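**Student:** A predicted structure for the sequence below; I have some questions about it.
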Amino acid sequence: MTEHQIFIPTPRDRKGRLAWLSMNERTHWAPRAEKTRQWRTLARFTAAQHKLPTGLENVHITAHVHKTNNRSYDVHNLIPTMKAVVDGLVDYGLVDDDDNSRLTGPDMRPGTKRDQAGITITIKETT
């Protein structure tokens, strides 16, 4: 099984805040759409920059979320962020679609504290 790993840094919104997408967020659709676009574009760009393979049949994705502090958080609340990332990987061509027949996951995990917030994506080709 081949494994690929990339780190996607967290973009910032127009006010300079980290642009996480959360299940608990209750914001207007326009700022939310902007953050979704940022994550999706950044995932596609990062995949291209790392020259990930394209046209894979089946993959398993694990995501480690890295924050810049040690405060407690619910990693599963960031599922909307991962949805945008996975859509960006599909846009890149990693897999043809993110349906259940091609994609397992993403499995969300808390990562280690880092100087730069972001998500480490581990992609395993499966059969």
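**Tutor:** Arrived safely, thanks for sending. Residues are numbered from 1 along each chain as shown.
**Student:** report the buried residues of stretch 82-96.
**Tutor:** Met82, Lys83, Ala84, Val85, Val86, Asp87, Gly88, Leu89, Val90, Tyr92, Leu94, Val95 (16 or more other Cβ atoms under 10 Å). Glycine gets a C-beta too; all of them are placed from N, C-alpha and C.
**Student:** among these, which one sits closest to Lys15?
**Tutor:** Nearest to Lys15 among the buried residues of stretch 82-96 is Ala84, at 19.1 Å by Cβ to Cβ.
**Student:** spit out the contact partners of that closest one.
**Tutor:** Counting by Cβ atoms under 8 Å, 6 or more residues apart in numbering, Ala84 touches Leu21, Lys35, Thr36, Arg37, Trp39, Arg40, Ala43.
**Student:** which residue packs closest to it, ignoring adjacent ones?
**Tutor:** Spatial nearest neighbour of Ala84, excluding adjacent residues (Cβ to Cβ, 6 or more residues apart in numbering): Trp39 at 3.7 Å.
**Student:** for Val86, same thing?
**Tutor:** Excluding the flanking residues, the one nearest Val86 by Cβ to Cβ, 6+ apart is Asp98, at 5.1 Å.
**Student:** try Thr120
**Tutor:** Per Cβ to Cβ, 6+ apart, closest to Thr120 is His64, 4.4 Å.
**Student:** could you say which helix or strand holds that neighbour?
**Tutor:** Under the criterion of DSSP states H and E, His64 resides in strand 59-66.
**Student:** C-terminal to that strand, what's the next element?
**Tutor:** helix 79-92.
**Student:** what's the angle from that following helix to strand 59-66?
**Tutor:** Using axes from the mean of the first three to the mean of the last three Cα atoms, to 10 degrees, the direction of helix 79-92 lies 130 degrees away from that of strand 59-66.
**Student:** just the closest of the contacts of Ala84 to Asn70, please.
**Tutor:** Nearest to Asn70, judged by Cβ to Cβ, of these is Leu21 at 21.7 Å.
**Student:** contact partners for the closest one?
**Tutor:** Leu21 neighbours (Cβ under 8 Å, 6+ apart): Arg32, Lys35, Thr36, Trp39, Leu78, Pro80, Thr81, Lys83, Ala84.
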